[in-house]
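Student: quick one: sequence plus predicted model below, questions after.
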Amino acid sequence: MDEFQFRDTADALNPPPHSTYREASNAEIAVAIRRLARSSVLVVGDAMLDRYIYGTVERVSREAPVPVLNVDREVAVPGGAGNVVRNLGALGAAVAFVSVVGDDQAGSDLTGLIGSQPGVEPWLLVQGSRATTRKTRYMAQGQQVLRTDREDSSPIHPKLAERMLRILRDAMLATTVTILSDYGKGVLAGDLPSHIINIARSSGRVVIADTRGDFARFAGADIVTPTTDELERFVGLRLVTDDAIASAAETLRQKYNFGAVLINRAEDGMTLVDKAGAMHLPIERPEDGDSSGASDTSVAALAAGLAAGMELSLAAKVASIASFVALSRHGIAVAREGDLLAAVTPQGSALRKIVPLETAASRLEAWRREGRQTAVTLGRFDTLGPEQLRRLERARAESDRLVVGLERDSSAHPGTPEAVRAAQLACLETVDLVVLVDSSNPAEFLYALRPDLLVAEPNHPGAELLPTWGGRVAAL
């Protein structure tokens, strides 16, 4: 049975007034986005090591009724609060990161990954008896087959907590905004958040609390960023409408003396509630993608915006755009300045067709599950003359979706820059995705996508792979 009542809370809680903030134009937002790289942010919280093991599943084991994953590659990235740091770095912000890892290989790997990021000053303290939190995801055909976790969520050692506070006092002087990224893994346990908030208040610094519903320990923070689910658990009611969301957020704000509440509503956008009232920030619903890491992306953009001098409403708008970018992609992804600008410029919808190979592979797998046929063609496309346009139209007519593998810039072919060529292709209605390809290895591109149709001559490099998964080659 659902723990919430299936009714709106508007009859139980009084909604705050509609915000008096002026809505910024796309041009103003674009200018603001370009200021994000001037920001400096302190991140404190639970660092994790996220491992992704990619492969294919083609059979079930004879030993047990489980799929056999043929591993192709492995990727390791910072997770948890480390993913917030990744997103801040992607926006060009200067970042100080304070966290705790164990004295183990995962801790060493995580320290190396964090330390190698430009603009990041890591303070990763080591607790010898502690296991570094790590999550390992096994991926096949764009889907997660299994996830394994190793973690120690007990509070960090008191002496480490005292050392963290000493480091934070200095780090706050070099930064403008502090993010408390609490994943419940022990770094921000007990009364440590209240001590950090008091230090920030005495230093005149803004604190954003990104906690998983444990609001009381973060009382007094300038901004808290719950999801709709966390807000529903707080009020004990199902929240259906914008007014219900705003009412619950205002109740939360007043109870714990938060300056503002920014609710992450996933595909429904975000809602900002502060003393000025409520402001709803809807987003365009992504065609596909998932919510992995979207809250980290949005809180990073929010912090960078405030640190760059934006007023709260504008920083929240930038955060909602960043959330849309993350929701539009599969897996853990960062939002860069160019991604945010593409989302607010007139040609933004077209530019979102330009994706990395990994994203394209996930999209094709999703289309296969929907029963859609996909065609692929490759080339430089320095110009889009009548013959090339007809070729693309014929390819699209033979399939439900068309992906163009665009050869990257090279010194051997100094023609039109790849960014221009990619944008021109993305603006065509016949093209669904554009992926930049290394011309020396088209086979890797084709193997990753496994299209139903390759539009090319039979002797095209990589064409011999198509029959192995039931695809075909046609010159059209």
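Tutor: Nice, thanks for sending it over.
Student: tell me where the stretch 201-350 of the chain has strands.
Tutor: Remark: strands assigned in the stretch 201-350 of the chain by DSSP state E, counting those that start in this stretch are 206-210, 223-224, 260-264, 270-274, 277-281.
Student: output the below-cut-off pLDDT ranges for the stretch 351-476 of the chain.
Tutor: Applying pLDDT under 70 to the stretch 351-476 of the chain flags residues 351.
Student: which residue ranges of it form helices?
Tutor: For the stretch 351-476 of the chain, the helices defined by DSSP state H, counting those that start in this stretch cover 357-369, 386-397, 418-426, 442-449.
Student: export those as CSV, with columns for distance to residue 247.
Tutor: (Each C-beta comes from the backbone N, C-alpha and C, glycine too.) Compiled in CSV, the helices of the stretch 351-476 of the chain are given as follows (distance: least, CB to CB, whole Å):
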stretch, distance to residue 247
helix 357-369, 37
helix 386-397, 48
helix 418-426, 42
helix 442-449, 47
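Student: residues of the helix or strand in which residue 31 is found that come out buried?
Tutor: Using DSSP states H and E, residue 31 maps to helix 26-33. Under the neighbour-count criterion of 16 or more other CB atoms under 10 Å, helix 26-33 has 29, 32-33 buried.
Student: and the helix or strand that it is followed by, what does it pack onto?
Tutor: Sequence-wise, the next helix or strand downstream of helix 26-33 (DSSP H and E) is strand 40-45. With contacts defined as 3 or more CB pairs under 8 Å, 6 or more residues apart in numbering; DSSP states H and E, strand 40-45 has these neighbours: helix 81-90, strand 94-102, helix 158-173, strand 177-181, helix 294-307.
Student: tell me the SS of residue 74?
Tutor: For residue 74, the assignment made with DSSP: H, G, I helix; E, B strand; the rest coil gives strand.
Student: number of nearby residues for it?
Tutor: The criterion is other CB atoms under 10 Å. On that basis, residue 74 has 11 neighbouring residues.
Student: and for the closest residue to it other than its chain neighbours, the neighbour number?
Tutor: Closest residue to residue 74 apart from its sequence neighbours, by CB to CB, 6 or more residues apart in numbering: residue 53 at 5.1 Å. Using other CB under 10 Å, residue 53 has 19 other residues around it.
Student: residue 53: helix or strand, and which one exactly?
Tutor: Using DSSP H and E, the element containing residue 53 is strand 47-60.
Student: direction included, what does that strand pair up with?
Tutor: Partner strands and pairing direction for strand 47-60 (DSSP bridges) are strand 67-80 (antiparallel), strand 134-140 (parallel).
Student: let me know the pLDDT of residue 292.
Tutor: We have a pLDDT of 63 for residue 292.
Student: list the buried residues in the strand holding residue 53.
Tutor: Along strand 47-60, these residues count as buried under the neighbour rule (16+ other CB under 10 Å): 47-57.
Student: tell me the pLDDT at the closest residue to residue 184 other than its chain neighbours?
Tutor: Leaving aside its sequence neighbours, residue 184 sits nearest to residue 212 (CB to CB, 6+ apart; 5.6 Å). Looking at residue 212, its pLDDT reads 89.
Student: ditto for residue 314
Tutor: For residue 314, the predicted pLDDT is 94.
Student: circling back to that earlier point, may I see the helices and strands packed on strand 40-45 organised as JSON lines, with distance to residue 333 and mean neighbour count added?
Tutor: What follows is these, written out as JSON lines (distance: least, CB to CB, whole Å; neighbours: other CB atoms under 10 Å):
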{"stretch": "helix 81-90", "distance to residue 333": "9", "mean neighbour count": "27"}
{"stretch": "strand 94-102", "distance to residue 333": "18", "mean neighbour count": "25"}
{"stretch": "helix 158-173", "distance to residue 333": "27", "mean neighbour count": "15"}
{"stretch": "strand 177-181", "distance to residue 333": "17", "mean neighbour count": "28"}
{"stretch": "helix 294-307", "distance to residue 333": "8", "mean neighbour count": "29"}
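Student: any chance of the ones you listed in CSV, plus distance to residue 198?
Tutor: Below are these laid out as CSV (distance: least, CB to CB, whole Å):
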stretch, distance to residue 198
helix 81-90, 20
strand 94-102, 16
helix 158-173, 10
strand 177-181, 12
helix 294-307, 19
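Student: closest to residue 258 out of the ones you listed?
Tutor: Nearest to residue 258 among the helices and strands packed on strand 40-45 is strand 177-181; the distance by CB to CB comes to 12.4 Å.
Student: how near is the closest residue to residue 94 other than its chain neighbours to residue 137?
Tutor: Leaving aside its chain neighbours, residue 94 sits nearest to residue 40 (4.4 Å; criterion: CB to CB, 6+ apart). From residue 40 across to residue 137, the span is 32 Å (CB to CB, to the nearest Å).
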